[in-house]
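# kindly return the folded structure for what I paste below:
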Amino acid sequence: MCDYSLHAVASRPAKVGETLISMTFRGTATRGFALESEPNVAVCMLPGTELAFAEDVRYDSRWLWTRTIRERVAKFNTIEKHVPDRHHDAIEFADGRHVLVTQLCEGQRVTVLQLPVSKQPGERRPGMAEESPTSETTPIRRISIT
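Numbering: from 1, shown residues only. Down below sits the predicted model:
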């Protein structure tokens, strides 16, 4: 998902191991992730993408306050997709808290640790039972960053 780049900003998918920076995209009031060397290209993530922040995560309401969550590992997710005309991209922490990507303070560095596993549809062979769809979640792994 990459709801901050659908109209005004070029985008591309995230790659494992790259370090991104949180930023406001030129010509928009929306924040997201990009390579520091390519600030005009939003880097999009699938729900379940695991991230490691270089420092504790900071976010704000843009007008009143800045808050810090003393966590550095999170996963990308989407929230309230049924609500139209709002941002859905969020960072989810191990305790279940969410912060919208557009509320992340600018200049935070984040490394893409792991992309979610996506199942590719397999060929159906005659006589094979069809798999029933399951709801899988990607667990958050806690790691130590020094």
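
# give me the low-pLDDT residue ranges for the chain?
1-7, 62-63, 81-86, 119-146 (pLDDT under 70).

# nearest residue to the middle of it?
residue 76 (3.2 Å; Cα atoms, centre = their mean).

# and the gap between residue 79 and residue 47?
Distance, residue 79 to residue 47, by Cβ to Cβ, to the nearest Å: 10 Å. For the C-beta atoms, the positions are set from N, CA and C on the backbone; glycine is no exception.

# how about residue 71?
In terms of Cβ to Cβ, residue 71 sits 18 Å off from residue 47.

# before we move on, what about residue 75?
Distance, residue 75 to residue 47, using Cβ to Cβ: 8 Å.

# backbone dihedrals for the nearest residue to residue 97 once chain neighbours are set aside, please?
Leaving out its chain neighbours, the residue that sits closest to residue 97 by Cβ to Cβ, 6 or more residues apart in numbering is residue 69, at 6.9 Å. Dihedral angles of residue 69 (phi, psi; degrees, to the nearest 10) stand at phi -110, psi 120.

# can you count the residues close to residue 69?
The number of residues packed near residue 69 is 16, by other Cβ atoms under 10 Å.

# my guess is residue 51 contacts residue 111, does it?
Yes. Look at residue 51 against residue 111 with Cβ atoms under 8 Å: they come within range, at 7.0 Å.

# the more surrounded of these two?
Using other Cβ under 10 Å as the criterion, residue 51 and residue 111 rank with residue 51 on top: 22 against 16.

# checking the nearest residue to residue 118 once chain neighbours are set aside next. Helix, strand or coil?
Spatial nearest neighbour of residue 118, excluding adjacent residues (Cβ to Cβ, 6+ apart): residue 46 at 7.3 Å. Under DSSP: H, G, I helix; E, B strand; the rest coil, residue 46 falls in the coil class.
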